[in-house]
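Visitor: turn this into a model:
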Amino acid sequence: MTQYTKKMVGGVAIVFLAGFFTALVAYLVRILLARNLSADNFGLIYAVLAAFGLLSVFQTLGLNEALVKYVSEFLAKNKREEIKFSIVFVVLFQLIGAIAIALVFFFFSDYLAIHYFKDAAAVPIIRLIALSIVFSPLETIFLYSFQAFQKIGYYSLATFSRQAFLLAITFWLLSAGFNVLAYPIAFVAVYVLTFIVYFPIFIKKVFPDFFSIKTRLRKDIAKKLVHFGIPVILTASATIVLSYTDTLMITYFQTLKDVAYYNVAVPTAKVLWIFSTSIATVLLPLSSELWISQKKYLRSGVRLISRISAMLIIPASFAMFVFSKGILNILFGTEYATDSASFALKMLSIGAIFVTLNQANMSVISGIGKPKYNSMTVWSGAILNFGLNLFLIPRWGIEGAATSTMIAFGLMWLISHIRLKKLLKAKEDIWGLLRILACAFAFIAILFLLRETLKIGIWPKMIISLIAAGIVYIGLLFLTRALSVHEVKMLLARVFHKKMLGGFLEGEKE
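Guide: This is a model prediction of the structure:
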């Protein structure tokens, strides 16, 4: 394994751990709001956030990614003036866009509150979130500069502490009686607070000559940054359509309570995405290396990773499917453990299977230098999701939204699977997948049986059911040879000797 890959693995470990805890804290914020606000007010907050989220791509303009790319290049060439100009240009450019978006929402807040959100309480929420948009470019100065300077520790700490500050301030404001305004006020405060904390670190530890370096207008660099951001906007737009149009359509066609129910189901299902995140971060650079030097190992490695991904995500998704109502009850309370929210979580948990397998495919496709195929895949899913939402949400509410999302994820996986198979000229491992599915169906059957027969509390019922079904599932994987003892030993050896996937891919026979 090259020294570059070893360095990458260390960085991935830091980012992954920080990302996990950041996501956990963000989830706790949502639980805090759900437990302290009415469903209508909880739904109102996330309806407003979805409206702003739809325009977020025009706020950043793809320039954060451009900043990371070009500052990294200028850093390697020790071009300090170019680095400063890039940072200043991106912040000012984003500030102009942020002010424009904020002004539109601020002046149309009354109209949107009455005619779209159907609640006058939305006015101060809209205006506060609009104010936070104005402050958001301040984050670009340090956060993406940390990433560009490869200060992964600072970057990870900043992303985590941002959510931690948001949780603490929201909790304090709720305790002080600010009710529905607690979160929007905290949202504004966090941007200011993180700037106060991390800008001095940026100046002292990362770029100490920031103020001493003189810079001038560099049209060539500005042009590079903007041109790089354009394709990023195109791809990000599809992701935004997938992420926000369901909530926006639920807001328009249904009620704010429905928005609330959907916005407890979505983040709960996204807990399962941790599999896809961890696999994708390692696969992308490794597939790039193997595509150049050892295509044979890449083909066999993709088959192995696909099998292991399926073994992990399918039972986890099935467990969430079976205990969907109990999970919502435990985390958010009985008000959110409705039939519609439970059904939405069931569909989204199945969708998580497609997300995990698709993300692995797309990481390899990017790694071998075909990112345009991923853009096509995401846009295909976004267009299908938009069309299905438009048809199903007016008729079936959040059940229709969740079903649309699940089908869209399924289409994206199918497209990326077919595309990757053609690129690698790989054979289909149908029997391996069928064996895993057979074991998984035995797993879910046991879960259903124990859920209905055990007359105990939800916590002990879930624990006993998962342990029993898990033992049977693992046993069946070995019995059907979907997984071998040799593969497990090889996995453990590679991980604990820090060789990670480099040698792990070599261990799979063609």
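Visitor: give me the element residue 130 is part of.
Guide: Element membership for residue 130, per DSSP states H and E: helix 122-135.
Visitor: from the chain's centroid, how far away is the following helix or strand past that helix?
Guide: On the C-terminal side of helix 122-135, the closest following helix or strand by DSSP H and E is helix 137-148. Centroid separation for helix 137-148 versus its chain: 19 Å, with C-alpha atoms, centre = their mean, to the nearest Å.
Visitor: please save the CA atoms from helix 137-148 in CSV.
Guide: This file holds the C-alpha atoms of helix 137-148, laid out as CSV (Å, rounded to 0.1, in the frame of the first residue of the first chain):
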residue,chain,number,x,y,z
PRO,A,137,-20.0,32.7,4.5
LEU,A,138,-18.0,33.4,7.7
GLU,A,139,-17.7,29.7,8.1
THR,A,140,-16.1,29.3,4.7
ILE,A,141,-13.0,31.3,5.9
PHE,A,142,-11.9,28.7,8.4
LEU,A,143,-13.9,25.5,7.8
TYR,A,144,-13.0,24.8,4.2
SER,A,145,-9.6,26.4,4.6
PHE,A,146,-8.9,23.8,7.3
GLN,A,147,-9.8,21.1,4.8
ALA,A,148,-7.7,22.7,2.0
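Visitor: helices or strands next to it in the packing?
Guide: helix 63-76, helix 80-107, helix 152-175, helix 182-201 (3 or more C-beta pairs under 8 Å, 6 or more residues apart in numbering; DSSP states H and E). Placement of C-beta: from N, CA and C, glycine included.
Visitor: tell me the angle it makes with helix 182-201.
Guide: 50 degrees (axes from the mean of the first three to the mean of the last three C-alpha atoms, to 10 degrees).
Visitor: got the buried residues for whatever helix or strand residue 249 lives in?
Guide: Taking DSSP H and E as the criterion, residue 249 maps to helix 219-253. Within helix 219-253, the residues scored as buried using 16 or more other C-beta atoms under 10 Å are 221, 224-226, 228-229, 232-233, 235-238, 240-251, 253.
Visitor: got it, and stretch 255-273?
Guide: Those would be 256-273, for stretch 255-273 by 16+ other C-beta under 10 Å.
Visitor: do stretch 375-394 as well
Guide: Here stretch 375-394 shows 375-382, 384-386, 388-389, 392-393 as buried, counting by 16+ other C-beta under 10 Å.
Visitor: how far away is residue 449 from residue 456?
Guide: 14 Å (C-beta to C-beta, to the nearest Å).
Visitor: of those two, which one has the most company?
Guide: residue 449 (13 against 10; other C-beta atoms under 10 Å).
Visitor: now do the contacts for residue 355.
Guide: For residue 355, the contact set (C-beta atoms under 8 Å, 6 or more residues apart in numbering) comprises 272-273, 276, 409, 413.
Visitor: from memory residue 87 sits against residue 143, does it?
Guide: No: taking C-beta atoms under 8 Å as the definition, residue 87 is not a contact partner of residue 143, at 11.3 Å.
Visitor: who touches residue 394 in this structure?
Guide: 253, 400.
Visitor: do you know how far it is from residue 153?
Guide: Counting by C-beta to C-beta - residue 394 and residue 153 are separated by 48 Å.
Visitor: repeat that for residue 73.
Guide: Applying C-beta to C-beta to residue 73 and residue 153 gives a distance of 22 Å.
Visitor: swap in residue 184?
Guide: 31 Å.
Visitor: any chance of TSV for the helices and strands packed on helix 137-148, columns mean pLDDT, mean neighbour count and distance to residue 209?
Guide: As requested, those are exported to TSV (pLDDT from 0 to 100; neighbours: other C-beta atoms under 10 Å; distance: least, C-beta to C-beta, whole Å):
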stretch	mean pLDDT	mean neighbour count	distance to residue 209
helix 63-76	81	19	13
helix 80-107	90	18	6
helix 152-175	91	19	17
helix 182-201	93	19	15
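Visitor: compare those helices and give me the one nearest residue 42.
Guide: Proximity to residue 42 (C-beta to C-beta) singles out helix 182-201 among these, at 9.4 Å.
Visitor: so which residues make contact with the closest one?
Guide: 29, 33, 45, 48, 124-125, 128-129, 131-132, 135-136, 138-139, 141-143, 146, 154, 158, 161-162, 165-166, 169-170, 173-174, 176, 178.
Visitor: stretch 114-122 too?
Guide: 40-41, 44, 47-48, 51, 109, 112-113, 180, 251-252, 256.
Visitor: ChimeraX command for the buried members of these?
Guide: To isolate the buried members of the contacts of stretch 114-122 in ChimeraX, using 16+ other C-beta under 10 Å:
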select :41,44,47,48,51,109,112,113,180,251,256
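Visitor: out of the contacts of stretch 114-122, list just those in helices.
Guide: 40-41, 44, 47-48, 51, 109, 112-113, 251-252, 256 (DSSP state H).
Visitor: nearest to residue 424, of these?
Guide: Scanning the ones in helices among the contacts of stretch 114-122 for proximity to residue 424, where the rule is C-beta to C-beta, the winner is residue 51, at 41.4 Å.
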